[in-house]
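[1] quick one: sequence and predicted model below, then my questions.
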Amino acid sequence: MSPEKPTDDLLNIEHPATGKKWELPVEDGCLRAVQLRQIPLGQTDLGLMSYDPSLLNTASCRSAITFIDGDAGILDYRGYSIEDLAESVSYPEVCYLILKGELPNRKELAAFQAELAEEAVLPAYLLELFASFPDEMHPMTMLASGLAALGAKYPESEKVLDEENRNKQIIRLLAKTPALAALAWRRTQSDSPVGPDPEKGFIVSFLRMLLGKPGEDFEVEESFARAMDALLTLHADHEQNCSTNAVRVVASSHVNPYSAVAAGCFALHGPLHGGANQAVLEMLEEIGTVEAIPAFLEACKCGDRRLMGFGHRVYKNYDPRAKVISGLVDSVLDAGQPDPRLEIARALEAAAREDDYFVSRKLFPNVDFYSGILYSAMGFPASMFTVFFAVGRMVGWLAHWDEMLRDSEQKIARPRQIYTGHSRREVPPMDKR
Ligand code: ACO
């Protein structure tokens, strides 16, 4: 199904007391919020505003990158379905598609991979920085700190309005983020770093930095490489989600992209966003047995608990990414560690999907419901899941950054508010407070 173009129209507004009328244009199914300002309110008059906490019904930009139809369970990058891309296209091809709008031909792909390969190594000061981090530091905090610190090496990245310069930073960030993620993982294990081997391709090089031994050849299970490639593809973009919005808002100040994507990492780290897959595994461990599922669901229904990995702001149907991941789980578990949590997850999904509470609220598994089990089967602990999510999402953040800077309608992000505090008053002296 392709996106339907909303009709343009006029919205007529009449003030009941004064009979005054306004005709406000509706473009692409949207009313421009600034048009409301022509409707006066009273003496202090900046005009009528719209109130939209959490931006539930506000389009903040035009974007040609990703289309989602949450009711139908559809996710497309640049017009291609996520299922087709995960099945038949590699992650670097998806990156090229998201950034440039079309899938690469052989020559374009080879040139793109060569650019990535050239930028795959981290500057040495980052190894020292990671070595100085405390043992208990979360790898996601390491990744965000590493990204912000990486920017220090490239002062020209401040020239965000220069397209050529932007392209250079995009390649750098895409190429070096896997190395930073792997460094964060190895730091948590107190293991020495292993460098990239981009000749082996983006995914195998990433897995080598994560799992390889210094100075030794690296072989990887085919199913692991396939799963990592698909997981990065599934996470590559998701239009105006919390972290992408954070990147856009922070970057709207024209700060360098390293700082903007570091902000994206922190937004992604929260348990209601990318941190949910960690929360899913903790929940499955807590449930412990299939017999304990009904009591847990009851606790969710009366609001004491939340069924992590279920529900989504946009999807009111099966998240298409969760379908692909659910299909990958068995092949990875066959090659990796068997996981008793999978039985609980499958039974929990089946029970929730028959329960009226979840059915009536259109709560289905989201991308995080099975992704943790997959990463876990590959030998990674929950603290690394969001780091992998960030590696995959980096391309989406960068594509949105670039798109925003090309958009002449965009200014520094600065919402308005409804002030609910005191009216002006005098500062009382200390002994009268
Ligand atoms: N478990 C139990 N009840 C839920 C859940 C859940 N996971 N999700 C929503 N609900 C209920 C709400 O309590 C609410 O019930 P009510 O109508 O009786 O008040 C109703 O469903 C609507 O929920 P909202 O909170 O309004 O939905 P919203 O769109 O704001 O939240 C969110 C979406 C944050 C993802 C929510 O579903 C949630 O917390 N899910 C669990 C966390 C999770 O898996 N997050 C990952 C999302 S995917 C991602 O970010 C990559």
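    Right, received. Where do you want to start?
[2] most proximal residue of this structure with respect to the ligand?
    Gly311 (2.3 Å; C-beta to the nearest ligand atom). For the C-beta atoms, the positions are set from N, CA and C on the backbone; glycine is no exception.
[3] roughly how far does that residue sit from Asp52?
    Counting by C-beta to C-beta, to the nearest Å, the gap between Gly311 and Asp52 amounts to 20 Å.
[4] looking at those two, which is more packed in?
    For Gly311 and Asp52, the more surrounded residue by other C-beta atoms under 10 Å is Gly311, and the numbers stand at 19 against 11.
[5] residues of the stretch 201-350 of the chain that sit close to the ligand?
    Proximity of the stretch 201-350 of the chain to the ligand is confined to 272-274, 276, 300, 306-313 under the rule C-beta under 6 Å from any ligand atom.
[6] name the helix or strand for Glu23, please.
    For Glu23, the element it lies in under DSSP states H and E is strand 21-27.
[7] pLDDT on the next helix-or-strand element following that strand, on average?
    The element immediately downstream of strand 21-27 (helix or strand, assigned by DSSP H and E) is strand 30-31. Averaged over strand 30-31, pLDDT sits at 94.
[8] same thing with stretch 341-351?
    Mean per-residue pLDDT for stretch 341-351: 94.
[9] buried stuff in that stretch?
    Across stretch 341-351, burial judged by 16 or more other C-beta atoms under 10 Å covers Arg341, Leu342, Ile344, Ala345, Leu348, Glu349, Ala351.
[10] what does it rub up against?
    Under the contact criterion C-beta atoms under 8 Å, 6 or more residues apart in numbering, stretch 341-351 has outside partners 280-281, 284-285, 287-290, 293-294, 296-297, 307, 329, 333, 365, 369-370, 373, 376.
[11] helices or strands next to the worst-scoring helix or strand of the chain on mean pLDDT in the packing?
    Of the helices and strands making up the chain, the lowest-confidence element is helix 320-335, at a mean of 86, by mean pLDDT, DSSP states H and E. Packing contacts for helix 320-335, counted by 3 or more C-beta pairs under 8 Å, 6 or more residues apart in numbering; DSSP states H and E, involve strand 74-77, helix 82-88, helix 222-234, helix 368-377.
[12] next, the angle helix 222-234 makes with the lengthiest helix in the chain.
    In the chain, ranked by residue count with DSSP state H as the criterion, the top helix is helix 163-188. Our comparison of helix 163-188 with helix 222-234, counting by axes from the mean of the first three to the mean of the last three C-alpha atoms, to 10 degrees, yields an angle of 130 degrees.
[13] nearest spatial neighbour of Asp237, skipping sequence neighbours?
    Gly396 (3.1 Å; C-beta to C-beta, 6 or more residues apart in numbering).
[14] chain center to the strand or helix carrying that neighbour, what's the gap?
    Following DSSP H and E, the helix or strand that holds Gly396 is helix 385-406. Centroid separation for helix 385-406 versus its chain: 7 Å, with C-alpha atoms, centre = their mean, to the nearest Å.
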